[in-house]
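Student: Predicted model follows, preceded by the sequence.
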Amino acid sequence: MASEEKTTRLKNKLVLKITVSAIFIAVGVVLSYLNPFGYFTIAGTRINPFAHLINALTGVLLGLSFSIISALGIAIIRFSTNIGSIHAFHGGISGAIIVGIVSYFLNKKYPKYVEYAAFTEPVGTVFIGGTITALIEGFTLANLLFFWWLFMLSSVVGSALGFIVLKILKDSGFSRKTFSD
C-alpha cells in the first residue's frame, strides 16, 4: 500500500511540474510579446529580461530538467513567431542550466537559501550564451565583450526580478519543496 501511495505522489508531483512548466512557458511568451517594454533589439539580439525571470523561477522551483524544458519552449515559440532571435536558445538555456545546477546544490546543503540561485542566471547567460553568440556573429574580442554586455543588461535585471518573485512566493508558501519529493 505504501508503494502505491508513493507512486501516486510521484505522479502527482510530475503532473504538477509539467503543468507549472507549461504555465511558465506561456507567461514567458506573453511577457515577451504583449509588454511593450518587455524587450528591445540591439545588434540583432532581442534583450528580454522576462526570459531570465522565468529561468530563475523554473530553475529554483522546478529544477534543472524542467528549467531547460521551459527555456527551450520559450525560445522555440519566440523564435518561430519572430518575437525572439536565434540567440534566445543558447542565451536562455545556458542560464536555465546554471540556475538549475546551483539550486540543486544549494537545496542539498542550504535549503533555506535556495532562492539565491536566481542570481547565478547571468553566469550562464552572459559567459556561455554571450560567448556562443559572439562565435555565431564572428568572434572578435570586441564582439565578445559587446555581447557579454548586452546579455548582462538583460539577465541581471531578470534574475533580480526572479529573486524578488521567489521571495514573495516563499512567503506565500510556494517553494522548491512544493514541487519536489
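Tutor: Yes, it's here.

Student: Provide a list of residues in contact with the spatially most central residue of the chain.
Tutor: Nearest residue to the geometric centre of the chain (Cα atoms, centre = their mean): residue 55, 1.1 Å. For residue 55, the contact set (Cβ atoms under 8 Å, 6 or more residues apart in numbering) comprises 67, 70, 71, 92, 95, 96, 99, 121, 125, 158, 159, 162. The C-beta positions use only the backbone N, C-alpha and C, and glycine is treated the same way.

Student: which of the residues you listed are buried?
Tutor: Neighbour counting by 16 or more other Cβ atoms under 10 Å classes 67, 70, 71, 92, 95, 96, 99, 121, 125, 158, 159, 162 among the contacts of residue 55 as buried.

Student: Who's the closest spatial neighbour of the last one, skipping the chain neighbours?
Tutor: Read it as residue 162. Computed as Cβ to Cβ, 6 or more residues apart in numbering, the closest residue to residue 162 that is not its neighbour in sequence is residue 56, at 2.5 Å.

Student: any idea how far residue 16 is from the one you found?
Tutor: The spacing between residue 56 and residue 16, counted by Cβ to Cβ, to the nearest Å, is 19 Å.

Student: more crowded one of the two?
Tutor: Higher neighbour count among residue 56 and residue 16: residue 56, with 31 against 13, using other Cβ atoms under 10 Å.

Student: Identify the residues contacting the more buried one.
Tutor: Each residue near residue 56 by Cβ under 8 Å, 6+ apart is listed here: 99, 117, 118, 121, 158, 159, 161, 162, 163, 165, 166.

Student: Return the member of the residues you listed nearest to residue 84.
Tutor: Nearest to residue 84 out of those is residue 158 (Cβ to Cβ; 13.9 Å).

Student: hang on, that closest one packs against residue 52?
Tutor: Yes. Proximity of residue 158 to residue 52 meets the contact threshold set by Cβ atoms under 8 Å, at 2.5 Å.

Student: Now do the shared contacts for those two.
Tutor: Residues touching both residue 158 and residue 52 by Cβ under 8 Å, 6+ apart: residue 121.

Student: Can you find the helix or strand of the chain with the lowest average pLDDT?
Tutor: Among the helical and strand segments of the chain, the one scoring lowest on mean pLDDT, DSSP states H and E is strand 40-42, with a mean of 62.

Student: can you give me the end-to-end distance of stretch 32-48?
Tutor: Length of stretch 32-48, first residue to last, Cα to Cα, to the nearest Å: 7 Å.

Student: Next: stretch 32-50.
Tutor: Termini of stretch 32-50 sit 7 Å apart (Cα to Cα).

Student: List the contacts of residue 33.
Tutor: Counting by Cβ under 8 Å, 6+ apart, residue 33 touches 81, 83.

Student: now this structure, which segments are flagged as low pLDDT?
Tutor: 1, 34-47, 181 (pLDDT under 70).
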